[in-house]
Structures are given as structure tokens and as C-alpha cells.
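[1] Quick one, structure for this:
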Amino acid sequence: MTLGRLGVWYSTDKLNGSQLADLVGVVEKAGYSALWYPESRGYESMSLAGYLLSKSTRLTIGSSIANIYARDSFTARRAMVSLNDLYQQRFILGLGVSHIPMVEGLRGHRYD
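    Numbering: from 1, shown residues only. All right, here's what the predicted structure looks like:
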């Protein structure tokens, strides 16, 4: 995978399906090489990646970040491998720990 010099980061939670498709089209037509999105309180990260990838022909789509408390390491890796097999190696899995209010308050896990 070759990652170009410029990409776009955008919080996607407030967009519906057609708006997400429009976003992908705008980013792709503008010549950017990647679109990055966070996992917060809205869309589940891997489902969103699959949808975004399906609306693009060349963009690399990256999770920025997918929360490690939302899926175990085996499931995260299988999602990455699956998305890359299905979409010409155009997915980058970014994982992170989030923060205490999301992990403990929203998800009910222990942050430590």
C-alpha cells in the first residue's frame, strides 16, 4: 500500500449514509489519498470502514482510532484482513485506548 502525502480526517458520526457517500466522493475527487475517521459514539468502526471503502475506487480508508475496548485483538485483526482482502488492500487499522469517560462510563469496562 502506498499512502500519499495528504489525507483528510473527518468525524463521521453526524452524517447519514448518503452524506457519507458524498464525503467519500468529494475527498476522492479532490485528489486526496486517504480518508481517516474516529470511532466515538456513533458508527461502529469496521462497519463504517466497509461502507466507506465500498463508495470509493482508490481511497485508502483508515480508522483513527478504533477502540481496543470495543473488540478483542483477534477480531480487530480479522476485520483488518477481511477489509483488505475485499477492498484491494486499502484499509489501515489504527487502534487506540480511547479515554476513561468512554471506556468506563459508556462501555462499562475498566480502563486500567
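
[2] Pull the number of nearby residues for the closest residue in space to A34 that isn't next to it in sequence.
    Leaving aside its chain neighbours, A34 sits nearest to G7 (3.3 Å; criterion: CB to CB, 6 or more residues apart in numbering). Just so you know, the C-beta spots here come from the backbone N, C-alpha and C atoms, and that holds for glycine as well. Neighbours of G7 under the rule other CB atoms under 10 Å: 19.

[3] Surely G7 touches G31?
    No. Contact criterion CB atoms under 8 Å: G7 and G31 do not qualify, at 10.8 Å.

[4] ok, and the closest non-adjacent residue to L52?
    Using CB to CB, 6+ apart and skipping the chain neighbours, the partner closest in space to L52 is I61 (4.7 Å).

[5] any idea of the pLDDT on the one you found?
    pLDDT, I61: 98.

[6] can I assume it sits in a helix?
    No. With DSSP: H, G, I helix; E, B strand; the rest coil as the criterion, I61 is strand rather than part of a helix.

[7] Next up, the contacts around the most centrally placed residue in the chain.
    Against the mean C-alpha coordinate of the chain, by CA atoms, centre = their mean, the closest residue is S63 at 3.0 Å. S63 sits next to 36-39, 45-46, 49, 92-95 when contact means CB atoms under 8 Å, 6 or more residues apart in numbering.

[8] mind putting those residues in TSV, distance to S73 and pLDDT included?
    Formatted as TSV, these follow (distance: CB to CB, whole Å; pLDDT from 0 to 100):
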residue	distance to S73	pLDDT
W36	21	98
Y37	21	97
P38	20	92
E39	16	88
S45	14	95
M46	14	97
A49	17	98
I92	16	97
L93	11	97
G94	14	95
L95	9	93
